[in-house]
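Chemist: no FASTA, just this:
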Ligand code: ADP
Ligand code: ZN
């Protein structure tokens, strides 16, 4: 037998298929060890044949076969080709997406338990071998676990019985299943007429992609879960994607309660062993639902009956490392391959998705009401310019202070949102204007009061707090821009008896840091939760009746075509945490531009109004989806290397432009807004194109121009233009 192998080396020069001879234990989808260029490397078997395609005497044999059951499902190969072609990456890089990283390079192996069983009861034993005889006797009554069996009779005796053919040792795969333990009963809910109608609509629709636009608390989750239950009944499998799984312990509990061992969880908070085992449970068919963040779209499931993307507008669904895929795009390919539906859900769908739905390319389900018609919380705008005029320079407006004391007096909980961690965004010298910056990155440092240090939020570097300005020696250092640590400190002064929890990247260290904070707040061990956008995601805390948004303008003034959309989404999502149970909720939104139209739409929960206005603007100004923003990034350690590659990229794209001028709306080369990151300088060729037509050629240019010392890569409609 001969097999075709893709070697696991991420280099375009070895990006083709190699042939090896093999035994019949090798199957398509297996991982193998093969000799390659004087050493041994890992590879993936992509084909098997009886005859070699060239001189058999020159073909080397496979050295080792890893899997009894092929690790890769057949669908991988079709997807691998699409992804490799679309993003111009070697096939091996595309295939890696389908395997948990610990599986490659043999860093973790499967956990096995060894057992021993009777093979031949009639072997002859030495008369003096009493232990061997006793061991044989016990095996006649059934199989035993090997380790404890050895402990009982002695390893020597057990091995002697085995070598004489009296007994056999065998292995059974063992699962390190995460989050097992507490078994709560699942109480089925009766679907509301709106949920029922939504499921029927999706079932009947002939469109692959279905968009559920439902306000926060409208019961979308129940629709997803009912749909998955239906899919399982038909003997199929499902993928359920959520933005950041560690942020949604409630969702996990719900899934486990309902689907028990059929649900497998894929997320980075698991130990390597757990991740690996959950992956195998899916691959072996023991588990049928994959739940996870972006990368779970590559779950090793066959016979998919549904893919669900919750909070589809979330930017975490865009990969920021090569290949830079969009999760929905990959999910569409998988849904088409399996002939199943892709369900996107959100209270604030992305403009792109909603356009597709309004054009009839996607099915559309609208859920305008919360479950039981609970009202959406009232949003009060606090004009911070007015506050300053009245002499209030604190971060809390008067309305927010009043509402906070009311909520606390009534025994309710509150959430305060500010999307900046640390104590102060910058440290500025008041004498000379010096701003403390990171040595590796072109960004200012954030002051952290708890550790009394300065931190870079881009590369994680830590610096000692400055005693004086390093430029002029002045000692009048000022803190600019409030962060969550400062908010907590100020709240403690305002409400000395309130119990306060903080949730941001600094407080959630460890495997279940998120879970601990959220469940403590859920158990009402605190009155106020202060946090960054991690608290905006789908949490359901019944006692929260007040949400404060401290700086609604923060995302509004980014120079990004999506800043309005992001602000609208963020306000709606954060506001949605308030008043989910019996008591009416309120939201106080602090801003310096209360007349801004985005805020106006958000305050009235007017998604349609926001959407129509946004579409008008994007059409008129030719921004996505009415164009494509394409950026070729060039990064390097040395300025010279970067500039040389930048020049090449620029000239190659300029050649394209000379031939296809009509495709270009904008084209330029420049420094990236952040000129240096993690020790690498950053340049970019930025363009806006009328369509995707030239994209393959631009990807080719980036691959061709990359050098050993400077990397060039393409980003499409980047979420972050820094
Ligand atoms: P969404 O995902 O749209 O934000 P959820 O699915 O979290 O909404 O539902 C909001 C609340 O309504 C949850 O507390 C949920 O348990 C409850 N709920 C959902 N569906 C039903 C139903 N059919 N009957 C009663 N309560 C429901
Ligand atoms: Zn840095």
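Modeler: On my side now, so go ahead. Nothing here was measured: the structure is a model prediction, and the numbers come from that model. Numbering: from 1, shown residues only. Ligands and ions are numbered 1, 2, ... in the order given.

Chemist: For the rest of this, base every contact and every neighbour count on C-alpha atoms.
Modeler: Fine.

Chemist: Show me the helices in the stretch 151-300 of the chain, by range?
Modeler: Secondary structure of the stretch 151-300 of the chain (DSSP state H, counting those that start in this stretch): helices at 155-163, 193-204, 220-233, 249-259, 272-283.

Chemist: Can you give me the buried ones in the second one?
Modeler: Think helix 193-204. Of all the residues in helix 193-204, those buried under the rule 16 or more other C-alpha atoms under 10 Å are 194, 195, 198, 199, 202.

Chemist: likewise the longest one?
Modeler: Neighbour counts using 16+ other C-alpha under 10 Å place 220, 221, 222, 223, 224, 225, 226, 227, 228, 229, 231, 232 of helix 220-233 among the buried residues.

Chemist: dump the residue contacts of residue 80.
Modeler: 91, 94, 95 (C-alpha atoms under 8 Å, 6 or more residues apart in numbering).

Chemist: Among those residues, name the ones in helices.
Modeler: 91, 94, 95 (DSSP state H).

Chemist: Specify which member of the residues you listed is nearest to ligand 2.
Modeler: Checking the ones in helices among the contacts of residue 80 against ligand 2 with C-alpha to the ion, the nearest one is residue 94 at 30.2 Å.

Chemist: To which secondary structure element is the nearest residue to the closest one once chain neighbours are set aside assigned?
Modeler: Nearest residue to residue 94 in three dimensions, chain neighbours excluded: residue 80, at 5.3 Å (C-alpha to C-alpha, 6 or more residues apart in numbering). For residue 80, the host element (DSSP states H and E) is helix 75-87.

Chemist: One more: residue 348?
Modeler: Using DSSP H and E, no helix or strand contains residue 348.

Chemist: Distance check, it against ligand 1.
Modeler: 11 Å (C-alpha to the nearest ligand atom, to the nearest Å).

Chemist: In this structure that residue contacts residue 354, no?
Modeler: No. Taking C-alpha atoms under 8 Å as the definition, residue 348 is not a contact partner of residue 354, at 9.2 Å.

Chemist: Type out the PyMOL command that picks the buried ones from the contacts of residue 80.
Modeler: Selection command for PyMOL covering only the buried members of those, criterion 16+ other C-alpha under 10 Å:
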select buried, resi 91+94+95
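
Chemist: Skipping adjacent residues, who's closest to whichever residue of the stretch 251-400 of the chain sits closest to ligand 1 in space?
Modeler: Closest residue of the stretch 251-400 of the chain to ligand 1, C-alpha to the nearest ligand atom: residue 371 (5.3 Å). By the measure of C-alpha to C-alpha, 6+ apart, the closest residue to residue 371 outside its immediate chain neighbours is residue 218, 5.1 Å from it.

Chemist: How about residue 250?
Modeler: Once flanking residues are discounted, residue 250 sits nearest to residue 539: 7.3 Å by C-alpha to C-alpha, 6+ apart.

Chemist: how many other residues sit next to the one you found?
Modeler: 21 (other C-alpha atoms under 10 Å).

Chemist: Read off the pLDDT value for it.
Modeler: Per-residue confidence (pLDDT) for residue 539: 75.

Chemist: So which residues on the stretch 251-400 of the chain come close to ligand 1?
Modeler: residue 371 (C-alpha under 6 Å from any ligand atom).

Chemist: give me the low-pLDDT residue ranges for the stretch 251-400 of the chain?
Modeler: In the predicted model, the stretch 251-400 of the chain carries pLDDT under 70 at residues 269.

Chemist: ok and the residue in it nearest ligand 2?
Modeler: residue 320 (18.2 Å).

Chemist: is it true that that residue lies in a strand?
Modeler: No. In this structure, residue 320 is coil, not part of a strand, as judged by DSSP: H, G, I helix; E, B strand; the rest coil.

Chemist: and which of the ones in helices among the contacts of residue 80 is nearest to residue 470?
Modeler: Nearest to residue 470 among the ones in helices among the contacts of residue 80 is residue 94, at 48.1 Å by C-alpha to C-alpha.

Chemist: Tell me the confidence at the residue of the chain positioned farthest from its centre?
Modeler: In the chain, counting by C-alpha atoms, centre = their mean, residue 127 sits farthest out from the average C-alpha position, at 64.4 Å. We have a pLDDT of 82 for residue 127.

Chemist: one step back: and of the buried residues of helix 220-233, the nearest to ligand 2?
Modeler: Checking those against ligand 2 by C-alpha to the ion gives residue 221 as the nearest, at 39.1 Å.

Chemist: For the nearest residue to residue 481 once chain neighbours are set aside, pull up the helix or strand it's in.
Modeler: Once flanking residues are discounted, residue 481 sits nearest to residue 425: 4.8 Å by C-alpha to C-alpha, 6+ apart. Assessed by DSSP H and E, residue 425 sits inside strand 424-429.

Chemist: how far out from the middle of the chain is that strand?
Modeler: 32 Å (C-alpha atoms, centre = their mean, to the nearest Å).

Chemist: Need the pLDDT of residue 582.
Modeler: 79.

Chemist: likewise residue 181?
Modeler: pLDDT at residue 181 comes out at 47.

Chemist: contacting residues for the residue of the stretch 601-722 of the chain found nearest ligand 2?
Modeler: Minimum separation of the stretch 601-722 of the chain from ligand 2 (C-alpha to the ion) falls at residue 678, amounting to 5.5 Å. By C-alpha under 8 Å, 6+ apart, the contact list for residue 678 reads 440, 441, 458, 459.

Chemist: do you know how far residue 503 is from residue 314?
Modeler: 19 Å (C-alpha to C-alpha, to the nearest Å).

Chemist: Next: residue 658.
Modeler: Distance from residue 658 to residue 314, by C-alpha to C-alpha: 37 Å.

Chemist: Could you check which of these two has the larger neighbour count?
Modeler: residue 314 (20 against 10).

Chemist: Name the residues linked to residue 172 by a beta bridge.
Modeler: Taking DSSP bridges as the rule, residue 172 bridges to residue 113.

Chemist: Tell me the spacing between it and ligand 2.
Modeler: Distance from residue 172 to ligand 2, counting by C-alpha to the ion, to the nearest Å: 48 Å.

Chemist: Flag every residue of this structure that's near ligand 1.
Modeler: For the chain, the residues in contact with ligand 1 (C-alpha under 6 Å from any ligand atom) are 189-192, 214, 216-222, 371.

Chemist: which SS class is residue 141?
Modeler: Reduced to three states by three-state DSSP, residue 141 is coil.

Chemist: avg pLDDT for the helix or strand containing residue 641?
Modeler: In the assignment (DSSP H and E), residue 641 maps to helix 639-659. The average pLDDT within helix 639-659 is 95.
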